[in-house]
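J.: next comes the sequence, and after it the predicted model I'd like to discuss.
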Amino acid sequence: MPYQIDLDSFKGPLDLLLHLIQKHEMDIYDIPIAEITAQYLATIEVMKSLNLDLAGEFLVMAATLLLIKSRMLLPRDEEEAAEETEPDPRTELVQRLLEYQRYRDAAISLDALPLLGRDVFVRSAPEPEGDGGDEAEWEPVGLFELVAAFRQLVQDNGDESVHEISRERLSVTDRINQILATLSERSSLAFADLLAGVVSRNEVVVTFLAMLELVKMRLARLMQNSRDSSIWLYGVDGVDDNSLQQDESLGYS
Amino acid sequence: MATAEIKAVIEGLLLVADGPVRPDRIALTLEIEVAQATVLLQELQEDYEHSSRGFALQLVDGGFQFRTRPEHAEWIRRFRKSRPFRFSRAALETLAIVAYRQPVTRAEIDYLRGVDSGGVVRTLLDKRLIRILGKKDIPGKPLIYGTSREFLELFGLRDLTGLPTLKEFNDLPPDMLADMDVPAEEQISLEDGPL
Amino acid sequence: MATAEIKAVIEGLLLVADGPVRPDRIALTLEIEVAQATVLLQELQEDYEHSSRGFALQLVDGGFQFRTRPEHAEWIRRFRKSRPFRFSRAALETLAIVAYRQPVTRAEIDYLRGVDSGGVVRTLLDKRLIRILGKKDIPGKPLIYGTSREFLELFGLRDLTGLPTLKEFNDLPPDMLADMDVPAEEQISLEDGPL
């Protein structure tokens, strides 16, 4: 069998399919599905026999091809055929192949640009770094750097528990900040409004914890006019001490 | 200052700068109008273009920077004793997808490439060539990615419009297009389309 | 190579060199005689001397180097002062702690970083990237800090939910260096380079 191809070089099933289509001069808009399936299966058999690390995606594509092939073999209902309502089973695959081909070609175009450090060079100047003590602005920095810095710190401290809880902590923190932001725009907030748009149980819990946290830090106060009336959250600045019962009455102090 | 003198000073500034220099920074330093700074920088760029100097003034990421000529690359690599680096195809494909379709999610990249691209995405993040833009406002709030300033600098692009034009393959024949039955999630990724 | 071409290449080498370049190093790179390299360097030096360029080729410690003109010194100093600062490691770490652990006290920041962070916290406050949220209701009533609107703008976030969690970060598989064949030297130049 003439498999004179570098099997290791395929970047994925789409790449392999495009290769087979080009090699066998098939019409991408009218792929002979039986033939391409046979070629594809034969190629991954070779890859398997060579013990190449075969990514799961190759097998998924094999299944997809077989599915398309079986659909094409199904006898078409005459009425349906007349109405032409039955979509061509190959359509999505063709669309993906065309799309992939665009980016594969774009990748080649990118690589042809004069790359800094490969084709063109600039003066090597020392990198200025500082705390920005004077009037100078800071250069924008990416989120990735921020996460990476935090992750490094957490690892250095050997604080293994942080990894687990940080996700939840962050969402409580988010909620705290959202509430504080809202409170900075208006003096009070009905408890029911806090939960408006909240869907999951987790979010309710998080909102509740955020509220308790705010009260604990004395950044906000909880009040209600009377028992069983609605609960209001006040920013520390916007509290009117006289008209309402203090938060103590709610039992959170 | 006479114009010729201002241009000479700008040349000096470009020499000592540690990256592409935007016209507004030149204007701020020399207390001239941004428009004038822009004109002078463009004039300098042309001067260098028409001379047979060993470097040229290039517009990168909105700023100007002296860069050596690509045809001298091999001599300069010898001088610096550096090997030419090569991008893997996986890295280039992923970069191309992020560049042309940003903001884009991991799932969209995986779908377009047909393979898991987590490792490559991580590598490109580590190299600062792509960056996290935030999260997409859809269920699961996946991270969205875009290209960085470093990307523009590495590829010598003035901005994203300077990307090579994406080749338009013949779209699907009309009858097949009518057949298109793409799952909802994929439609989103298609609509977000190239810049 | 024609002499003019060799001179152009030498200009490129001088631009990218990280210090004065001696004629023998030029000769070695371009496979020409040291005498020829010396002559060409001197010719280049004269070319620049007689042009009204913003920099000149100067003989320093037996080597040649592009240097700005002394009469432009004041402009260069002003220019350098206007350059944006890169985040220091300390500033980035502190900002990261405030972002992920807010509301957070100074003591908590100091504990996580293992060093006194008072100066950095003040700088971040001055730059309005963090803000004081209030006081914590524990003995000593320490100030508690959180991030600001400016923080969101700097990182291009709509709100704090856009901040990637450590879990999402860890979900990206570790760097697969083999994926992108960039030699160590270039990696450094990409990261620390004039970006």
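T.: Right, received. Where do you want to start? Numbering: from 1, shown residues only, chains lettered A, B, ... in the order given.
J.: now do the helix or strand hosting A:Leu146: everything it contacts.
T.: If you go by DSSP states H and E, A:Leu146 is part of helix A:143-156. Identification of contacts with helix A:143-156 by CB atoms under 8 Å, 6 or more residues apart in numbering or on different chains yields A:162-163, A:166, B:125, B:128, B:131-134, C:87, C:89, C:92-93, C:95-97, C:99-100, C:112-114, C:155-157, C:163-164, C:166, C:169-170. C-beta here means a position set from N, CA and C on the backbone, and glycine is covered the same way.
J.: kindly recompute the last result at 6 Å.
T.: A:162, B:125, B:131-132, C:92-93, C:96, C:100, C:112, C:155, C:164, C:166, C:169 (CB atoms under 6 Å, 6 or more residues apart in numbering or on different chains).
J.: stretch B:27-37 now?
T.: B:23-24, B:26, C:78-79, C:82.
J.: using the three-state scheme, assign residue 65.
T.: Using chain A here. Under DSSP: H, G, I helix; E, B strand; the rest coil, A:Leu65 falls in the helix class.
J.: that's the wrong chain, I meant chain B
T.: Going by three-state DSSP: B:Gln65 is strand.
J.: now swap in A:Glu45 and tell me
T.: Applying three-state DSSP: A:Glu45 is helix.
J.: just to revisit the earlier point, can I get the contacts of stretch B:27-37 in TSV including neighbour count?
T.: Output for the contacts of stretch B:27-37, formatted as TSV (neighbours: other CB atoms under 10 Å in any protein chain shown):
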residue	neighbour count
B:Pro23	22
B:Asp24	14
B:Ile26	26
C:Arg78	14
C:Phe79	24
C:Ser82	16
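J.: among the residues you listed, which are in reach of chain A?
T.: With CB under 6 Å from any CB of the partner chain as the criterion, these include none near chain A.
J.: now, which of these sits nearest chain A?
T.: Using CB to the nearest CB, C:Ser82 comes nearest to chain A of the contacts of stretch B:27-37, at 6.9 Å.
J.: could I get the contacting residues of the closest one?
T.: So C:Ser82 contacts B:25, B:28-29 (CB under 6 Å, 6+ apart).
J.: quick one, strands of the chain?
T.: With no chain named, the answer covers chain A. A:129-130, A:188-190, A:220-224, A:231-235 (DSSP state E).
J.: sorry, should have said chain B
T.: B:55-60, B:63-68, B:104-105, B:130-135, B:143-147.
J.: re the thing from before, out of the strands of chain A, which gets nearest to chain C?
T.: strand A:129-130 (4.5 Å).
J.: just the CA coordinates for stretch B:73-90, please, in PDB.
T.: Output of stretch B:73-90 as PDB, limited to C-alpha atoms (Å, rounded to 0.1, in the frame of the first residue of the first chain):
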ATOM      1  CA  ALA B  73      18.500  37.600   8.900                       C
ATOM      2  CA  GLU B  74      21.100  34.900   8.400                       C
ATOM      3  CA  TRP B  75      24.100  37.200   9.100                       C
ATOM      4  CA  ILE B  76      22.500  38.600  12.100                       C
ATOM      5  CA  ARG B  77      21.700  35.200  13.500                       C
ATOM      6  CA  ARG B  78      25.300  34.200  13.000                       C
ATOM      7  CA  PHE B  79      26.400  37.400  14.700                       C
ATOM      8  CA  ARG B  80      24.100  36.700  17.700                       C
ATOM      9  CA  LYS B  81      24.800  33.000  17.600                       C
ATOM     10  CA  SER B  82      21.100  32.300  17.700                       C
ATOM     11  CA  ARG B  83      19.300  29.500  15.900                       C
ATOM     12  CA  PRO B  84      16.200  30.300  13.900                       C
ATOM     13  CA  PHE B  85      13.200  29.300  15.900                       C
ATOM     14  CA  ARG B  86      10.300  27.400  14.300                       C
ATOM     15  CA  PHE B  87       6.700  27.500  15.200                       C
ATOM     16  CA  SER B  88       5.000  24.200  15.300                       C
ATOM     17  CA  ARG B  89       2.000  23.900  12.900                       C
ATOM     18  CA  ALA B  90      -0.300  23.300  15.900                       C
END
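J.: point out where chain B drops to low pLDDT.
T.: B:168-195 (pLDDT under 70).
J.: center of it - which residue?
T.: Against the mean C-alpha coordinate of chain B, by CA atoms, centre = their mean, the closest residue is B:Leu152 at 2.5 Å.
J.: and it, what does it touch?
T.: B:Asp61.
J.: state the distance from it to B:Pro84.
T.: Distance from B:Leu152 to B:Pro84, counting by CB to CB, to the nearest Å: 21 Å.
J.: just the buried subset of the contacts of C:Ser82, please.
T.: B:25, B:29 (16 or more other CB atoms under 10 Å in any protein chain shown).
J.: just the contacts of C:Ser82: which are in helices?
T.: B:25, B:28-29 (DSSP state H).
J.: now the helices for the stretch 51-200 of chain A?
T.: A:56-73, A:78-83, A:91-111, A:143-156, A:160-185, A:191-194 (DSSP state H, counting those that start in this stretch).
J.: my read: B:Ala8 touches C:Gly54, true?
T.: Yes. Contact criterion CB atoms under 6 Å: B:Ala8 and C:Gly54 qualify, at 4.1 Å.
J.: which one of these two is surrounded by more residues?
T.: Set B:Ala8 next to C:Gly54 and count neighbours by other CB atoms under 10 Å in any protein chain shown: C:Gly54 wins out with 24 against 21.
J.: give me the buried positions along stretch B:25-43.
T.: Result for stretch B:25-43 [16+ other CB under 10 Å]: buried residues B:25-27, B:29-30, B:32, B:37-38, B:40-41.
J.: next one, pLDDT for A:Lys48 please.
T.: A:Lys48 is assigned 82 on the pLDDT scale.
J.: how many residues are close by it?
T.: 12.
J.: check contacts around it.
T.: So A:Lys48 contacts A:Leu54 (CB under 6 Å, 6+ apart).
J.: related to what we said a few turns ago, with mean neighbour count added, can I get the strands of chain A in CSV?
T.: Listed next are the strands of chain A as CSV, based on neighbours: other CB under 10 Å:
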stretch, mean neighbour count
strand A:129-130, 15
strand A:188-190, 17
strand A:220-224, 22
strand A:231-235, 19
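J.: to chain B, which of the ones you listed lies closest?
T.: strand A:129-130 (11.0 Å).
J.: state the mean pLDDT of the closest one.
T.: 49.
J.: near chain A, which residues of chain B? Just list them.
T.: B:18, B:67-68, B:70, B:73, B:76, B:84-85, B:89-90, B:92-93, B:96-97, B:113-115, B:125, B:131-132, B:153-156, B:164, B:166-167, B:169, B:173, B:176, B:179-181.
J.: tell me which entries of these lie within helices.
T.: Counting by DSSP H, these contribute B:73, B:76, B:89-90, B:92-93, B:96-97, B:113, B:125, B:153-155, B:176, B:179 to helices.
J.: can I get the strands of chain B in TSV with mean neighbour count?
T.: Shown next, in TSV, are these (neighbours: other CB under 10 Å):
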stretch	mean neighbour count
strand B:55-60	21
strand B:63-68	25
strand B:104-105	23
strand B:130-135	24
strand B:143-147	22
